[in-house]
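> next comes the sequence, and after it the predicted model I'd like to discuss.
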Amino acid sequence: MTTTSGGNISIKDEDGNIWITPSAIDKGTLGTSDVVRIKPNGEIIGKHKPSSEFPFHKAIYDVRPDIKSVIHAHPPALVSFSIVHQLPNTNVIPQAKNICGPIGYAKYKLPGSDKLGDVIAAEFDKGHKAVIMENHGIVLGGTDLDDAYQRFETLEFCASTLLYAQMVGEPTYLKDTQIKAFYDQVKELPEATKMADYPSAEREKRAEICTIVKRACQQGLMISTYGTVSVRWKENDFLITPRDFSRWEIQLEDIVQIKNGTREIGKLPSRATLIHQEIYRNNPDVNSIIMTQSPYLMAFGVTDVHLDVRTIPESWIFLQDVIAHPFGNHFTNGNHTKLFEKAKPALIIKNDSVLITGDELLQTFDRLEVAEFSAKSLVMGASLGDLKPINDQQIQELKEKFL
């Protein structure tokens with residue numbers, strides 16, 4: 001997301017102190033003693049100089065008392081928009097619009113100057129929490145550092161998805177009414193009446209979910225704000241990741257138990273819980289599900305271009321034919337399952353996610369990796385020419401040998 005020397009992060013505490021990363025220090029080896037404190041009277045405390053971009057951090061805090069953390073960096077996808085003087089359209093995926101909001105645009109000014117602070121602060125003063133800096137990068141604010149980082153990561157994902165989508169086709173966008181409907185359709189399962197107990201076998205499954213979620217984040221297959229993993233526990237009971245929780249930080253106790261159609265006391269499961277519940281009820285051979293938004297797969301998820309996995313034998317064996325499901329229909333119980341029965345083990349829900357299933361969770365994750373690799377190869381290969389797919393006879397040979 002940034003380079004050794006590029007970017008800076010700050011936090012404003014309750015006493016008005018601004019804590020900021022130092023200038024000219026390796027970001028990969030930063031320790032707590034390297035962070036610089038600047039008191040409200042301007043006094044600098046620390047062993048290093050504060051970031052040269054401190055003026056615009058301060059300017060943002062001055063106009064937005066609600067913002068307590070600021071991140072500035074030069075991630076490649078957002079810089080791509082910065083250098084062509086465009087704004088990414090966050091209506092491409094519901095979460096992107098909800099988390100990032102409308103994006104501001106600050107004209108170019110000399111880095112480290114008060115003028116740069118003025119133009120950026122003016123955009124934040126309009127209510128923006130994310131601003132594209134002309135020929136420079138991105139700056140984002142949040143109510144705390146986690147909030148700012150999740151916005152940062154989500155917006156870079158959104159920008160990446162749009163760039164990859166344009167390599168294979170033309171992105172399609174959601175209307176504000178569709179995004180509102182996405183959130184309005186979420187129905188809560190009733191809360192259980194008894195506290196959940198975690199037998200050792202269940203704790204093992206919780207640990208497996210946590211491991212897979214972290215691997216997915218490390219590999220760019222999930223981001224902190226999106227990605228759902230579930231595992232069947234007993235009969236139609238299952239375990240699922242929580243809602244509105246950073247995927248990077250999930251622990252065993254955060255996983256939500258769904259038992260007899262009720263949710264674990266005091267926890268909110270993923271908004272996709274009802275979809276997972278219906279798939280488990282109707283597909284006894286499915287024991288794990290991953291729904292996520294990986295950037296190369298979503299390049300096909302936000303365009304009308306078919307993800308043809310007849311690229312190499314492994315891709316077709318693992319995924320077979322990946323069907324695209326229209327956005328919105330998956331809100332209605334029954335629709336997604338009927339289509340899913342024809343699309344196992346993978347399908348794409350347009351402008352929403354990719355859904356992968358399997359027996360064991362590791363198998364499901366493997367299929368996700370293969371799917372993202374296949375999509376990446378197709379995106380990268382688009383500049384070389386059209387796909388020359390494995391032919392029908394070769395597919396039949398694969399079916400006879402491997403399925």
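Received the coordinates, thanks.

> could you name the helices and strands sitting against the one helix or strand residue 364 maps to?
Assigning secondary structure by DSSP states H and E places residue 364 in helix 361-381. With contacts taken as 3 or more C-beta pairs under 8 Å, 6 or more residues apart in numbering; DSSP states H and E, helix 361-381 sits against helix 145-168, helix 200-218, strand 288-292, helix 295-301, helix 313-319, strand 353-358. Placement of C-beta: from N, CA and C, glycine included.

> can you list these in TSV and add mean pLDDT?
Converted to TSV, the helices and strands packed on helix 361-381 look like this (pLDDT from 0 to 100):
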stretch	mean pLDDT
helix 145-168	96
helix 200-218	96
strand 288-292	96
helix 295-301	97
helix 313-319	95
strand 353-358	95
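
> closest to residue 279 out of those?
Residue 279 lies closest to strand 288-292 among those, at 6.2 Å (C-beta to C-beta).

> which residues are in contact with the closest one?
Applying C-beta atoms under 8 Å, 6 or more residues apart in numbering, the external contacts of strand 288-292 come out as 212, 216, 221-222, 226-232, 270, 272, 275-276, 279-280, 353-361, 363-365, 368.

> give me that answer again for 7 Å
Contact with strand 288-292 is made by 216, 221-222, 226-232, 272, 276, 279, 353-358, 360-361, 364-365, 368, as judged by C-beta atoms under 7 Å, 6 or more residues apart in numbering.

> identify the bridge partners of the residue positioned nearest the centre of the chain.
In the chain, the centroid-proximal residue (C-alpha atoms, centre = their mean) is residue 223; its distance is 3.3 Å. Counting by DSSP bridges, residue 223 forms beta bridges with residue 226.

> coming back round to it: make TSV from the helices and strands packed on helix 361-381 and add distance to residue 118 and mean neighbour count to it.
Listed next are the helices and strands packed on helix 361-381 as TSV, based on distance: least, C-beta to C-beta, whole Å; neighbours: other C-beta atoms under 10 Å:
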stretch	distance to residue 118	mean neighbour count
helix 145-168	21	22
helix 200-218	37	17
strand 288-292	40	26
helix 295-301	34	27
helix 313-319	52	20
strand 353-358	40	26
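
> show me the shaky parts of the stretch 101-250 of the chain.
Within the stretch 101-250 of the chain, no range satisfies pLDDT under 70.

> now swap in the stretch 301-403 of the chain and tell me
Scanning the stretch 301-403 of the chain for pLDDT under 70 picks out 329-343.

> domain ranges for this structure?
Following automatic domain parsing, the chain resolves into domains at 8-168, 188-402.

> select, out of those, the one closest to residue 181.
domain 188-402 (6.9 Å).

> show me how far the closest one is from its chain's centre.
Distance, stretch centre to chain centre, for domain 188-402: 14 Å (C-alpha atoms, centre = their mean, to the nearest Å).

> can you check stretch 396-403 too?
For stretch 396-403 - counting by C-alpha atoms, centre = their mean - the centre lies 35 Å from the chain centre.

> could you pull out the buried residues of that stretch?
Buried residues in stretch 396-403, counted by 16 or more other C-beta atoms under 10 Å: residue 398.
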